[in-house]
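Engineer: Sequence and predicted structure below; questions after.
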Amino acid sequence: MAAVNQLSYVVGTSSDISGWKKYTTEVLGLELSADSDDSLLYVRADERHHRIGVRAGHEDDVAYVGWDVASKTALDAAAGKLEAAGIKVVQGTPEEASDRHVMDFVHFMCPYSDVRMELVLGHEIIFMPRFRPSRDLAGFNMGQTGMGHVVLYAKDILGAADFYTRVLGFGVTDFAHAPDGAPFAVFMHCSSRHHSLAFMNIPGAPRRIQHVMFETNTMDDVGHSYDLCLERGITSTSTGRHQNDHVFSFYFRNPSGWHFEYGWGARVVDPDTWIAENYVLGSGFAWGHDGLMKMV
Ligand SMILES: [Fe+2]
């Protein structure tokens, strides 16, 4: 069983906070929390206090990624397993916990992506006022399976898969290989969501993060969002369907240069019975997503 239950939040740093402000409401269709300011934007997408955060900084990249754990016992157990694996675990300070709107958390540096991972207990839920999309969207499928997924760059795909399964109890949903047989990506689950965490090996990638995916409640919201991004010249790919999670989606750039994926219709997995799949890129029934293989 996974030590974590779901992806809680992804926070980045950006040199363009005002660009992100406009992008959040005009493009993503999400809600800027009232407690955002020019040094930190909290972006709401469901009843959680925030799912995306953007901190003012010089670097345009991911700053940290938060994962829910179910209890203090689970938090302590996960920290113990990380330490036993030789990973330094640091207790978050009360100031940091307040900044993240969580009760308690620990953090460690992912040895494969160099991204700070935070294991959090009690990420704040705001029941009222309800999340209100800032443009006409039917909302997102989050709830018990979390905000979607995050894809990070890593050179050692098989090492990352081994670490997250052995130490934190993720399950491998599938491995993707290049046509020449080289391991290209690993997709992992910690709930019935097909994947919440993935690592991709793209030599020379300019950042640590490639994209964050949100699952829309309707197919039309993917289409309308695509039209909007096309009009603004910020699409990263055309629409298409992935062969592994079956999602109908497209990718688009944000002001920091990394990408969002809005998708609909993903298949789910049963974490208790799922057997890791293995496929070769370009095979199967996938279509579209023109530009994906060049997207960094
Ligand atoms: Fe994705």
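Structural biologist: Structure's in. What do you need?

Engineer: what about the helices in the stretch 101-250 of the chain?
Structural biologist: Using DSSP state H, counting those that start in this stretch, the helices of the stretch 101-250 of the chain run over residues 157-166, 219-232.

Engineer: Which residues of the stretch 101-250 of the chain lie near the ion?
Structural biologist: Residues of the stretch 101-250 of the chain lying near the ion by C-beta under 5 Å from the ion: M213. (Each C-beta comes from the backbone N, C-alpha and C, glycine too.)

Engineer: For the ion, what's the nearest residue on the stretch 101-250 of the chain?
Structural biologist: At 4.1 Å from the ion, M213 is the closest residue in the stretch 101-250 of the chain, using C-beta to the ion.

Engineer: partners of that residue in the sheet?
Structural biologist: H149, E261 (DSSP bridges).

Engineer: so how many other residues sit close to it?
Structural biologist: Using other C-beta atoms under 10 Å, the number of residues around M213 comes to 25.

Engineer: Could you pull up the contacting residues of it?
Structural biologist: When the contact criterion is C-beta atoms under 8 Å, 6 or more residues apart in numbering, the partners of M213 are 148-151, 247, 249, 260-263.

Engineer: again, but for D16
Structural biologist: Here D16 is in contact with 60, 255-256 (C-beta under 8 Å, 6+ apart).

Engineer: Check what pLDDT the residue nearest to E83 when sequence neighbours are not counted gets.
Structural biologist: Among residues not flanking E83 along the chain, V89 sits closest, at 5.5 Å (C-beta to C-beta, 6 or more residues apart in numbering). On the pLDDT scale, V89 is placed at 98.

Engineer: ok so, going back, the ion: which of the contacts of D16 is nearest?
Structural biologist: So of the contacts of D16, ranked by how close each gets to the ion (C-beta to the ion), first place is S256, at 17.0 Å.

Engineer: and the gap between the nearest residue to that closest one once chain neighbours are set aside and G12?
Structural biologist: In this structure, S256 finds its nearest non-sequential neighbour in D60, 3.7 Å apart by C-beta to C-beta, 6+ apart. Remark: distance between D60 and G12 (C-beta to C-beta, to the nearest Å) = 7 Å.

Engineer: count of neighbours near V120?
Structural biologist: So V120, with other C-beta under 10 Å, has 23 neighbours.

Engineer: now swap in E26 and tell me
Structural biologist: Count around E26 with other C-beta under 10 Å applied: 12.
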